[in-house]
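> next comes the sequence, and after it the predicted model I'd like to discuss.
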Amino acid sequence: MRYQHKWDDVPPEDVPEDGQRNLEATILRSLELGINHIETARGYGSSEMQLGWVLPKLPREKMIVQTKVSPFATAREFRETFATSMRYLKLDYVDLLSLHGINNAELLDWSLRSGGCLDAARQLQREGRCRHIGFSTHATTDIIVRAIESDAFDYVNLHWYFVNEFNWPAVEAATARDLGVFIISPTDKGGMLYSPPPKLAELCAPLSPIAFNDLYCLARPEVHTLSVGAARPSDFDEHVAALAHYDRAAEAVAPVEQRLRAEMDRALGADWWKELWRAFPNYVDVPGEVNIQEILRLWSFAKSLDLVEWGKMRYNLMGNAGHWFPGANAAALDAEKVRATLSGNPFAEKAVTVLAEAHAMLHGTQQKRLSESD
């Protein structure tokens with residue numbers, strides 16, 4: 001998604017030659033390194049078309065190609081959109097077909113109901129057009145677990161990494177059902193680690209923040225693969241360097257994690273971040289759909305590890321990215337309603353204070369998803 005020309009379909013002649021050369025060099029470098037899982041989506045603008053100019057020239061048996069098609073209200077729309085993807089990719093089949101963005105209960109229903117998108121995907125599988133069927137998600141954990149427990153999918157693309165442990169129950173549910181677990185965007189949404197604050201870099205040494213986060217994920221046998229998110233051939237270098245520690249990943253990350261946790265304890269209080277993952281309700285259960293969980297998560301890592309720029313980027317997406325980044329920020333916070341919602345929660349009063357502090361720290365220019373940017 002980060003090396004295509006535009007977030008919209010464009011005429012082939014509009015793609016700059018140097019941009020296409022960069023995409024092809026990135027693909028060739030990945031295969032040279034043994035990185036053979038190439039992911040795209042119908043929602044990634046010109047990505048599929050540009051990949052279709054290079055993938056058919058490469059050894060098909062050496063690549064695992066994934067595309068993703070969003071759920072629709074009708075199976076017909078899903079099949080037609082998949083057909084568009086395949087015309088662009090110029091492939092006979094994809095190894096992985098993901099229902100892209102099962103982010104709420106309605107989209108899950110569109111996917112699972114009789115005659116819905118999953119049925120359409122399974123028919124495509126029977127036709128030999130895709131090998132395995134999964135789903136990608138930015139949903140709350142309960143929705144992800146429901147999708148996994150439907151026993152309808154072969155794998156899941158989800159967010160889980162050091163700065164986001166909300167979805168660990170979903171990873172465990174996937175493991176219990178032998179689903180593949182693919183971690184989305186550990187480098188960007190996992191903290192904008194390509195541009196880490198000095199404090200984080202110092203705490204992660206001798207590993208880089210990227211290497212630490214890669215190994216933190218891969219040290220878990222429940223996790224099978226990570227999305228590198230390369231925009232140029234050199235973007236692989238730091239990830240590949242981390243693999244020098246792969247055979248002892250848990251040992252390599254342990255002292256770094258200990259330092260990071262100790263600093264979080266010092267800055268936030270020993271119980272705060274430990275309770276963060278389970279003590280607060282999902283946005284759908286909060287008046288005004290204030291995304292308390294997410295705001296407190298962003299504030300916690302901005303406050304303790306100086307991940308302020310990452311926090312600002314994520315915070316200012318709230319309310320501007322639809323179901324891809326749901327819930328409201330704390331701009332219109334009603335403290336009394338929040339207190340009532342958190343009644344009985346030992347952190348209720350602190351949460352009200354922190355929500356106001358988070359807004360002061362992180363609020364700025366409204367952000368758009370990459371797919372809505374120029």
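The structure has been received and is ready for your questions.
> the domain parsing of this protein - what is it?
For the chain, the structural domains run 12-250, 269-364, going by automatic domain parsing.
> in JSON lines, list the ones you listed along with mean pLDDT.
Formatted as JSON lines, the domains of the chain follow (pLDDT from 0 to 100):
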{"stretch": "domain 12-250", "mean pLDDT": "96"}
{"stretch": "domain 269-364", "mean pLDDT": "89"}
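> mean neighbour count and distance to His5 for these - can I get that in TSV?
The way it works is simple: take the backbone N, C-alpha and C, and place the C-beta from them, glycine included. Output for those, formatted as TSV (neighbours: other C-beta atoms under 10 Å; distance: least, C-beta to C-beta, whole Å):
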stretch	mean neighbour count	distance to His5
domain 12-250	18	5
domain 269-364	18	21
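> would you confirm that Lys62 contacts Leu28?
No - using C-beta atoms under 8 Å, Lys62 is not in contact with Leu28, being 11.6 Å away.
> and the domains of the chain as a markdown table, adding distance to Arg259?
Listed next are the domains of the chain as a markdown table, based on distance: least, C-beta to C-beta, whole Å:
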| stretch | distance to Arg259 |
| --- | --- |
| domain 12-250 | 5 |
| domain 269-364 | 10 |
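> the strands in the protein, which residues?
37-39, 64-69, 94-100, 130-136, 155-158, 180-183, 225-226 (DSSP state E).
> closest one to Leu218 among these?
For Leu218, the closest of those is strand 225-226, at 7.0 Å, according to C-beta to C-beta.
> that older thread, put together a markdown table for the strands of the chain, with distance to Val290 on each row.
A markdown table is the format used below for the strands of the chain (distance: least, C-beta to C-beta, whole Å):
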| stretch | distance to Val290 |
| --- | --- |
| strand 37-39 | 33 |
| strand 64-69 | 29 |
| strand 94-100 | 27 |
| strand 130-136 | 25 |
| strand 155-158 | 23 |
| strand 180-183 | 27 |
| strand 225-226 | 31 |
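> and His363, which of those is closest to it?
The closest of those to His363 is strand 155-158. By C-beta to C-beta, the value is 27.5 Å.
> residues touching the closest one, excluding its own?
68, 96, 98, 132, 134-137, 144, 147-148, 167, 170-171, 174, 179-184, 227 (C-beta atoms under 8 Å, 6 or more residues apart in numbering).
> and stretch 1-21, by the same measure?
Residues contacting stretch 1-21 (C-beta under 8 Å, 6+ apart): 22-23, 26, 40-41, 44-47, 49-50, 53, 229-232, 370-373.
> looking at those, which are in helices?
22-23, 26, 47, 49-50 (DSSP state H).
> save those residues as CSV, and put in distance to Ala262 too.
CSV is the format used below for the ones in helices among the contacts of stretch 1-21 (distance: C-beta to C-beta, whole Å):
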residue, distance to Ala262
Asn22, 41
Leu23, 42
Thr26, 38
Ser47, 41
Met49, 49
Gln50, 45
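> show me the helices in the stretch 251-374 of the chain, by range?
Taking DSSP state H, counting those that start in this stretch as the test, the helices found in the stretch 251-374 of the chain are 272-276, 292-305, 308-315, 335-341, 348-362.
> could I get stretch 347-363 in PDB with only the CA atoms?
Taking C-alpha atoms only, stretch 347-363 is exported to PDB below (Å, rounded to 0.1, in the frame of the first residue of the first chain):
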ATOM      1  CA  PHE A 347      -9.300   4.100  37.500                       C
ATOM      2  CA  ALA A 348     -12.500   6.100  36.700                       C
ATOM      3  CA  GLU A 349     -11.400   9.400  38.100                       C
ATOM      4  CA  LYS A 350      -7.900   9.100  36.700                       C
ATOM      5  CA  ALA A 351      -9.300   8.200  33.300                       C
ATOM      6  CA  VAL A 352     -11.400  11.400  33.200                       C
ATOM      7  CA  THR A 353      -8.300  13.400  34.000                       C
ATOM      8  CA  VAL A 354      -6.200  11.600  31.500                       C
ATOM      9  CA  LEU A 355      -8.800  11.900  28.700                       C
ATOM     10  CA  ALA A 356      -8.600  15.700  29.100                       C
ATOM     11  CA  GLU A 357      -4.800  15.600  29.300                       C
ATOM     12  CA  ALA A 358      -4.600  13.400  26.200                       C
ATOM     13  CA  HIS A 359      -6.700  15.900  24.200                       C
ATOM     14  CA  ALA A 360      -4.500  18.800  25.200                       C
ATOM     15  CA  MET A 361      -1.400  16.800  24.400                       C
ATOM     16  CA  LEU A 362      -2.500  15.100  21.100                       C
ATOM     17  CA  HIS A 363      -5.200  17.200  19.500                       C
END
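> what about it, distance to the chain center?
25 Å (C-alpha atoms, centre = their mean, to the nearest Å).
> also stretch 219-230?
11 Å.
> can you name the residues in contact with that stretch?
With contacts defined as C-beta under 8 Å, 6+ apart, stretch 219-230 is touched by 1-3, 26, 30, 35, 37, 39, 157, 160, 171-172, 174-175, 180-188, 214, 217-218, 235-236, 239, 249-250, 253.
> closest one to Glu106 among the helices of the stretch 251-374 of the chain?
Going by C-beta to C-beta, the one of the helices of the stretch 251-374 of the chain nearest Glu106 is helix 292-305, 20.1 Å.
> which strands or helices does the closest one pack on?
helix 198-204, helix 249-268, helix 272-276, helix 308-315, helix 348-362 (3 or more C-beta pairs under 8 Å, 6 or more residues apart in numbering; DSSP states H and E).
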